[in-house]
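Chemist: how would this look folded up:
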Amino acid sequence: QKYTHYRGDVETIKVKSIPFEQALSEGVTFVKMDCEGAELEILEGIEDWKLVTHLVFEYSFTKRREMAAFWALIDHLGRHFDQIWFRDENWHHLEQWPWHTDSLIFCRKSIENESAVF
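Modeler: Next up, the predicted model:
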């Protein structure tokens, strides 16, 4: 319940899962995350993206409004992904996120011999 925006009684079910880093070790190349605000904790903890060439996630500004945290995560991801896209309307001057929205982030790692992959 830490990350959910639902209030009141919510039906829950248990599902089998594996640690995220274990999934990365199993040949995953594309990651699309939607973890209701837990993305930030997960992303900050990953040092080795293994074979992942594409990452898409929603940055939850509604959970963490400080722009310094956003730029730190972008720098962290930039160690693996050489292309990172997001809607940037001169955000560099902001200290806090002033809107009540989140932002989609797209990351891509260039790979050798791309024509053989796509």
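
Chemist: Name the surrounding residues that touch the longest helix seen in the chain.
Modeler: Longest helix in the chain by number of residues (criterion: DSSP state H): helix 67-77. With contact meaning CB atoms under 8 Å, 6 or more residues apart in numbering, helix 67-77 is reached by 40, 43-44, 55, 59, 61, 64, 84, 86, 91, 94-97, 105, 107. Using the backbone N, CA and C atoms, a C-beta is placed for each residue, glycine as well.

Chemist: Same question for stretch 85-99.
Modeler: The set of residues external to stretch 85-99 that reach it, using CB under 8 Å, 6+ apart, is 59, 61, 65-68, 70, 74, 103-107.

Chemist: Can you dump the C-alpha atoms of stretch 52-69 in PDB for me?
Modeler: What follows is stretch 52-69, C-alpha atoms only, in PDB (Å, rounded to 0.1, in the frame of the first residue of the first chain):
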ATOM      1  CA  VAL A  52      18.600  -4.000 -21.900                       C
ATOM      2  CA  THR A  53      18.600  -1.700 -24.900                       C
ATOM      3  CA  HIS A  54      15.200   0.000 -24.300                       C
ATOM      4  CA  LEU A  55      13.600   1.400 -21.100                       C
ATOM      5  CA  VAL A  56      10.300   3.200 -20.800                       C
ATOM      6  CA  PHE A  57       8.900   4.500 -17.500                       C
ATOM      7  CA  GLU A  58       6.900   7.200 -15.900                       C
ATOM      8  CA  TYR A  59       8.800   9.500 -13.600                       C
ATOM      9  CA  SER A  60       6.500  10.200 -10.700                       C
ATOM     10  CA  PHE A  61       7.000  13.900 -10.000                       C
ATOM     11  CA  THR A  62       3.900  13.600  -7.800                       C
ATOM     12  CA  LYS A  63       6.000  11.300  -5.500                       C
ATOM     13  CA  ARG A  64       9.300  13.200  -5.700                       C
ATOM     14  CA  ARG A  65       9.000  16.900  -6.700                       C
ATOM     15  CA  GLU A  66      12.700  17.900  -6.300                       C
ATOM     16  CA  MET A  67      14.300  18.400  -9.800                       C
ATOM     17  CA  ALA A  68      17.700  17.600  -8.400                       C
ATOM     18  CA  ALA A  69      16.500  14.000  -7.800                       C
END
